[in-house]
Structures are given as structure tokens and as C-alpha cells.
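A.B. asks: Show me how the following folds:
(one chain, ligands or ions: 1)
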Amino acid sequence: MKRVGFIGWRGMVGSVLMERMTDENDFGRMESFFFSTSQSGDSAPKVKNAFEKLLPAMELKELSKMDILVSCQGGEYTSEIFPQLRAQGWSGVWIDAASTLRMKDDSVIVLDPVNRNLIQESMARGVKNFVGGNCTVSLLLIALHGLFKENLVEWVSSMTYQAASGAGAKNMIELLDQMKSVGTTFAANPAASALELEKKMTTLMSSSEFPKTNFGHPLALNVLPWIDSEMPSGQSKEEWKAQVEANKILQTKTTVPIDGTCVRVGALRCHSQGLTIKLKKSAHLSTLEELLGNANPWVKLVANTKAETLKELTPAAVSGKLSVPIGRLRQMTLGDTYFNAFTLGDQLLWGAAEPLRCVLLQTLA
Ligand code: NAP
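C.D. replies: So this is what the prediction gives:
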């Protein structure tokens, strides 16, 4: 059995990966070793065939004993540890959730429902670095797979509504702390009018007591239209990733432009995207519905009605599910090649953990 080391297994992505692998009995197929940057020596998670103690995640000697390393620890860890491991000759398979290695020539961005053939060809060619894509990019490609397969897309503009947990466990907890603070202020002013309450909340949000160490700003009762660092193009790094990663995943011969504004919102889990899709030629709505709805086992077409949209096309309805719904599909008044759509998906499942799980299982096969 192959020896698989897991780093970052208690973070948001890592813990969802553990949950999925436990549910699907994957641990029976490997010997597992759990690493930690902060808790080495403590008890490891009790899964089948696991070594009982946590190993030190910064020790190359321990890491290099593994056939496969799966890191959900984040980009700083990858930047520090991965080059050292390769430099000292470790030739195992590196599977990663962080963005650090995505655009490197010797890495494949994995998204099983969309580029399984590429993953398999790469494995046969001896590629050893497999990286999960950006969560919004992966979910966008699963949703629009049917249109990309038919080479129908001229460009896409995506306006995102990204959940707090997309920024990690500490940030998600911070959103809840902010909501608690809002709730406490509300409870202390039971007789206040709506306008008085709005003023109290606005004052609270700008006060130094409001918890905002991780986001740096209020997210509760607010939206944050900047995610990740600044790029020279004026895009945020999250916005920049859409085009470069999507085209790498799809292996397009000519770049399909994908751009828009990425916004953090107060949803807990699930990233949503409002799309403007420019097609290369006009197409009937029913043709698009058929192409989109049948592209892969995970995409789910939602009828463009108020009732179905509000029932099926919200983070509350989709959290914890593997399906990737797409709805609000209609021709826009902009012209007969412009279509509107709204899609969302669990950014911790197909947006992060599930592509890693799929490639791990293929590496074991
Ligand atoms: P995260 O929740 O912040 O976890 C990363 C590490 O932080 C954990 O492994 C843990 O390391 C440490 N940690 C500190 N306090 C913690 C707490 N209260 N609860 C849990 N862990 C805590 O990061 P993540 O969101 O899983 O992201 C991991 C990587 O995946 C990043 O590169 C991210 O960009 C990428 N990614 C994230 C998402 C997403 O939706 N979150 C989606 C796609 C890709 P120790 O156990 O070693 O202390």
C-alpha cells in the first residue's frame, strides 16, 4: 500500500477532504500519515490504516518517506517546503490545494469532470505535481462545461459572491463573531426604530471592538469587493486567476477571455457567480439548456422561474452538496449571442477537496 502524508487536514479544505474520504472508505486503500505545523506528537485522526501520532510538517526527513503528499496547508507552506523536498531528490506525487504551483509548466490543474483525460495522460507522462484549481474557476467550468465542450464561448464575465469560508477557518469564525456582536447590540436595543438600529450597527462596524483581525474589515452587514492581492492590471489576484487557470484547465488553443469582479459576501459556504456569457454564434435557449444540463454528472440545470431559483439556487440550498446548479439562463437584451446565468457550488467540495480526492485515488490505482 502507498504511504500518503496529509498536511493541513484540519483546515477548511483539509477537513472536508477527510470527511469525504471517510464517507467513501478511501482510507482502506492507503497507509495514512498526518502532519501538523502546530500539533506534532498529538494523536492523529482515527481513520483506517493511519499512523497514530501527528508528524512534524516542517521536517523534510519525515515528509520524504511518503509516496504521495497531499497539502491543504496553504501557499506559504508550499512555497517553503515543496522546493526543498524536490531539491533533495524526493520524487513522490505532490497534490496541493494552494495556488503556488498552479501555473508552473510541470504542474497540472486538476478538475476531474472537465479534464480527466489530461490528468491521465499527464500521469502516464510522469507528471508528479497536481494542483486543485481556484474554487470559483473550478465551479464555473463544471457549470459551463457543456458550452466549452462545443467551443461556443467567445468570452465570459463573472461577478462573484464568495463565502467567508473561502478565506479559511479563522475567517469563517470571524464572520460568526461579527454576527454575534451585531446580535448582542440588537438585543440590547429592543425598542429602537429601524433607522436607530441602522445607525447603531454602522457605528458598531467601524468601532475598534468589532472583530476584524482576519478580514481587516466588517463582512457581516457588508460586502468586500476585493479578494487576494493587487495585480498590475488593476484586477485582484482572484479575478486574474479566472482566465489563466480556466484556459490552462481546458488546454485552449486560443485564450477565452474570462474577467469580472470578485466579491466576498457574508455567506458561510458556497461561492455564487452571476455570469454574462458571450457566445460565438447565436443559439436557441433550449439547445443551451440541453448542452449545459447534460455536460457532466454534477451540473444541474435550474428552471428560470422565481420559485425554482429561490428554492435551488442559493448557498443555503447547495452547501454540503456535490451538485453544481446553474439557472437564471436567458437571452439578454444586449443581443442574441449574450446570455445571462447564475451558478453556484460548494467551494469546499468541487471547488477544492473533491478534485484533490479524485487525483489521489487515480494516483493509487
Ligand atoms: P485554513 O482553514 O486556514 O487551514 C489552514 C491551516 O491553518 C490548517 O491546516 C491549520 O494548520 C491552521 N489552523 C489555524 N487555526 C485553525 C483553525 N481554527 N481551524 C482549522 N485550522 C486552523 O485554510 P483552507 O481554507 O483550508 O485553505 C487551504 C488552502 O486551500 C489555501 O491555499 C487556500 O487558498 C486553498 N483553497 C481554499 C478554499 C476554501 O474554500 N477555503 C478553496 C480552494 C482552495 P495546523 O494544523 O498545521 O496548525
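
A.B. asks: who are the neighbours in contact with the residue nearest to Ser229 when sequence neighbours are not counted?
C.D. replies: With C-beta to C-beta, 6 or more residues apart in numbering as the criterion, Ser229 has its nearest non-adjacent residue at 4.7 Å, and that residue is Lys237. Bear in mind the C-beta positions are built from the backbone N, C-alpha and C, glycine included. By C-beta atoms under 8 Å, 6 or more residues apart in numbering, Lys237 lies in contact with 227-231.

A.B. asks: Just name the closest of these to the ligand, please.
C.D. replies: Closest approach between the contacts of Lys237 and the ligand, by C-beta to the nearest ligand atom: Asp228, at 8.8 Å.

A.B. asks: pLDDT wise, what is the residue of the stretch 1-150 of the chain at minimum distance from the ligand at?
C.D. replies: Residue of the stretch 1-150 of the chain nearest the ligand, by C-beta to the nearest ligand atom: Gly11 (2.1 Å). If you check Gly11, the pLDDT there is 93.

A.B. asks: what's around His217, how many residues?
C.D. replies: The tally of other residues near His217 (other C-beta atoms under 10 Å) stands at 14.

A.B. asks: any idea which element it lies in?
C.D. replies: Using DSSP states H and E, His217 sits within no helix or strand.

A.B. asks: just use 650 as the starting number from now, easier for me
C.D. replies: In the new numbering, first residue 650, that becomes His866.

A.B. asks: Find the nearest non-adjacent residue to it, please.
C.D. replies: For His866, the closest residue by C-beta to C-beta, 6+ apart turns out to be Leu873, at 5.9 Å.

A.B. asks: Against Met850, how distant is that neighbour?
C.D. replies: Leu873 sits 17 Å away from Met850, going by C-beta to C-beta, to the nearest Å.

A.B. asks: For Ile717, give the beta-bridge partners.
C.D. replies: Beta-bridge partners of Ile717, counted by DSSP bridges, are Val653, Val742.

A.B. asks: That one: what's it in contact with?
C.D. replies: When contacts are counted by C-beta under 8 Å, 6+ apart, Ile717 is found next to 651-654, 679, 741-744, 1009, 1012-1013.

A.B. asks: Dump these to a markdown table, plus pLDDT.
C.D. replies: Below are the contacts of Ile717 laid out as a markdown table (pLDDT from 0 to 100):
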| residue | pLDDT |
| --- | --- |
| Lys651 | 98 |
| Arg652 | 98 |
| Val653 | 98 |
| Gly654 | 98 |
| Met679 | 98 |
| Gly741 | 98 |
| Val742 | 98 |
| Trp743 | 98 |
| Ile744 | 98 |
| Leu1009 | 98 |
| Thr1012 | 97 |
| Leu1013 | 95 |
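
A.B. asks: Now, of the residues you listed, which are buried?
C.D. replies: Buried members of these, counted by 16 or more other C-beta atoms under 10 Å: 652-654, 679, 741-744, 1009, 1012.

A.B. asks: and which of those is nearest to Pro906?
C.D. replies: Closest approach between the buried ones among the contacts of Ile717 and Pro906, by C-beta to C-beta: Ile744, at 29.6 Å.

A.B. asks: The ligand contacts on the stretch 700-849 of the chain?
C.D. replies: Contact residues (C-beta under 6 Å from any ligand atom) of the stretch 700-849 of the chain with the ligand: 706, 721-724, 746-747, 784, 814-815, 817-819.

A.B. asks: and the nearest residue to Val805 once chain neighbours are set aside, what is it in contact with?
C.D. replies: Once flanking residues are discounted, Val805 sits nearest to Ile907: 4.8 Å by C-beta to C-beta, 6+ apart. Counting by C-beta under 8 Å, 6+ apart, Ile907 touches 789, 804-807, 891-892, 895-896.

A.B. asks: where exactly do the helices run in the stretch 800-949 of the chain?
C.D. replies: 818-837, 843-855, 886-899, 934-942 (DSSP state H, counting those that start in this stretch).

A.B. asks: Using TSV, please lay out the ones you listed together with mean pLDDT and distance to Thr862.
C.D. replies: Putting those into TSV (pLDDT from 0 to 100; distance: least, C-beta to C-beta, whole Å) gives the following:
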stretch	mean pLDDT	distance to Thr862
helix 818-837	97	7
helix 843-855	97	15
helix 886-899	98	21
helix 934-942	98	41
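
A.B. asks: Show me the one in the contacts of Lys886 that has more neighbours than the rest.
C.D. replies: Counting by other C-beta under 10 Å, top hit in the contacts of Lys886: Ile876 with 19 neighbours.

A.B. asks: Next, the contact list for it, please.
C.D. replies: Counting by C-beta under 8 Å, 6+ apart, Ile876 makes contact with 809, 811, 815-816, 885-888, 911-913.

A.B. asks: what number of residues lie near Asn989?
C.D. replies: Applying other C-beta under 10 Å, we find 16 other residues in the vicinity of Asn989.
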